[in-house]
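Visitor: sequence first, then the predicted structure:
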Amino acid sequence: MTPRYAAPDRTKLTLPELAELKRLGRKIVMVTAYDAPGGRLADEAGVDVVLVGDSAAMTVLGHESTVPATMDEMVVLTRAVTRGATRPLVVADMPFGSFQVSDEQALANAVRFVKEAHADAVKLEGAGPMLPRVRAIVGAGIPVVGHIGLTPQSATSLGGFKAQGRTAAKAVQLYADALALEAAGCFALVLEAVPAPVAERISRALAIPTIGIGAGAGCDGQVLVWHDLLGLYDGHAPRFVKRYADVAGEIRRGLETYAAEVRSGAFPDERHTYAMPPEELEAFEAVLSDEAVAAREERER
């Protein structure tokens, strides 16, 4: 049985401490979460970083992609997670359309995450044209996580949800993008659906930690989506997902048992109800009886 992780204290993990984990060769644990119980459970399990991912559009809000997630929705979800997570860094995922238009738009929305939702940092997808966005946000004192490889918000232009960097030329571009994002001020970088040797080479080249999702064990840490790793999401699971629990099965069994007991009358029983003193019940019944007599006499007039 895997021993339960015991966090040494409840103080917030800092960016220098996260960088130190990479220097020491200690793997960084990141998960997504979307509500206060999720944040609390991730905290209790000793997770280092909680990402409030725009994957919520699919896993929580019922959309078929991450694109429909809005700033208002992400702010609400992030604010909920920060109420539950005390020690982990909480990173808010900037949804599609919240940073692409201009540096000013990107900074204004990043400020919302910090000011309204109490996020510790934000994450945005892409490099190239997005580098000025990173510099603008970091320049305002808000930490930024970069994200390259398969970037779900732009999956259509990438040819779908496919691994990226599988040719030498594309791998070189990913390598250059990673270095550029580090130079722009990112404190960590998510590498998604990138060939393991490429991700490992990028991880060695960067001073900042890399967090892999479908990018092999050579990254400095790993992230999985809450609903994927716990078996809550019924949609297609990418090949890099490993399910560590069947929470959906447990929920389904619990609900089926509940429904059966309600229909049979087995629930609720005496243990699940509240009593009252006999004399108070007698007085209550007397009042109702008097009112019933009065109502009957009124009808008969």
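Guide: Okay, I see it.

Visitor: for the nearest residue to residue 140 once chain neighbours are set aside, give me its contacts.
Guide: Spatial nearest neighbour of residue 140, chain neighbours left out: residue 107 (5.6 Å); criterion: CB to CB, 6 or more residues apart in numbering. Yep, even glycine has a C-beta here, placed from its N, CA and C like the rest. With contact set as CB atoms under 8 Å, 6 or more residues apart in numbering, residue 107 has these partners: 136-137, 140, 142.

Visitor: would you turn those into TSV with pLDDT, neighbour count and secondary structure?
Guide: Compiled in TSV, these are given as follows (pLDDT from 0 to 100; neighbours: other CB atoms under 10 Å; DSSP: H, G, I helix; E, B strand; the rest coil):
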residue	pLDDT	neighbour count	secondary structure
136	98	21	helix
137	98	28	helix
140	98	14	coil
142	98	21	coil
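
Visitor: so which pair among the residues you listed is furthest apart in space?
Guide: In these, two members sit farther apart than any others by CB to CB. They are 136 and 142, at 9.4 Å.

Visitor: what ranges do the helices span in the stretch 51-200 of the chain?
Guide: 56-59, 71-84, 103-117, 131-139, 168-184, 196-205 (DSSP state H, counting those that start in this stretch).

Visitor: which of these sits most buried?
Guide: With neighbours defined as mean count of other CB atoms under 10 Å, these peak in mean count at helix 56-59, which reaches a mean of 22.

Visitor: mind listing residues that contact that one?
Guide: By CB under 8 Å, 6+ apart, the residues outside helix 56-59 that reach it are 32, 34, 63-69, 73-74, 77, 95, 225-227, 232-233, 235.

Visitor: where in this structure is pLDDT low?
Guide: The model of the chain has pLDDT under 70 over residues 1-10, 155-161, 235, 297, 300-301.

Visitor: one more time with 50, if that's ok
Guide: 1, 3, 5-8 (pLDDT under 50).

Visitor: elements contacting the longest helix seen in it?
Guide: Using DSSP state H, we find that the single longest helix of the chain is helix 278-300. Applying 3 or more CB pairs under 8 Å, 6 or more residues apart in numbering; DSSP states H and E, one finds that helix 278-300 contacts no other helix or strand.

Visitor: CA atoms only for that helix, dumped as PDB, please.
Guide: What follows is helix 278-300, C-alpha atoms only, in PDB (Å, rounded to 0.1, in the frame of the first residue of the first chain):
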ATOM      1  CA  PRO A 278     -43.900  13.400  23.500                       C
ATOM      2  CA  GLU A 279     -45.700  16.200  25.300                       C
ATOM      3  CA  GLU A 280     -44.800  18.600  22.500                       C
ATOM      4  CA  LEU A 281     -46.000  16.200  19.900                       C
ATOM      5  CA  GLU A 282     -49.300  15.800  21.900                       C
ATOM      6  CA  ALA A 283     -49.700  19.600  22.000                       C
ATOM      7  CA  PHE A 284     -49.000  19.900  18.300                       C
ATOM      8  CA  GLU A 285     -51.600  17.300  17.500                       C
ATOM      9  CA  ALA A 286     -54.100  19.000  19.800                       C
ATOM     10  CA  VAL A 287     -53.700  22.300  18.000                       C
ATOM     11  CA  LEU A 288     -54.200  20.600  14.600                       C
ATOM     12  CA  SER A 289     -57.200  18.800  15.900                       C
ATOM     13  CA  ASP A 290     -58.800  22.100  17.200                       C
ATOM     14  CA  GLU A 291     -58.000  23.800  13.900                       C
ATOM     15  CA  ALA A 292     -59.600  20.900  12.000                       C
ATOM     16  CA  VAL A 293     -62.800  21.100  14.100                       C
ATOM     17  CA  ALA A 294     -62.900  24.900  13.600                       C
ATOM     18  CA  ALA A 295     -62.400  24.500   9.800                       C
ATOM     19  CA  ARG A 296     -65.200  21.900   9.600                       C
ATOM     20  CA  GLU A 297     -67.600  24.100  11.600                       C
ATOM     21  CA  GLU A 298     -66.800  27.000   9.300                       C
ATOM     22  CA  ARG A 299     -67.600  24.900   6.200                       C
ATOM     23  CA  GLU A 300     -70.900  23.800   7.700                       C
END
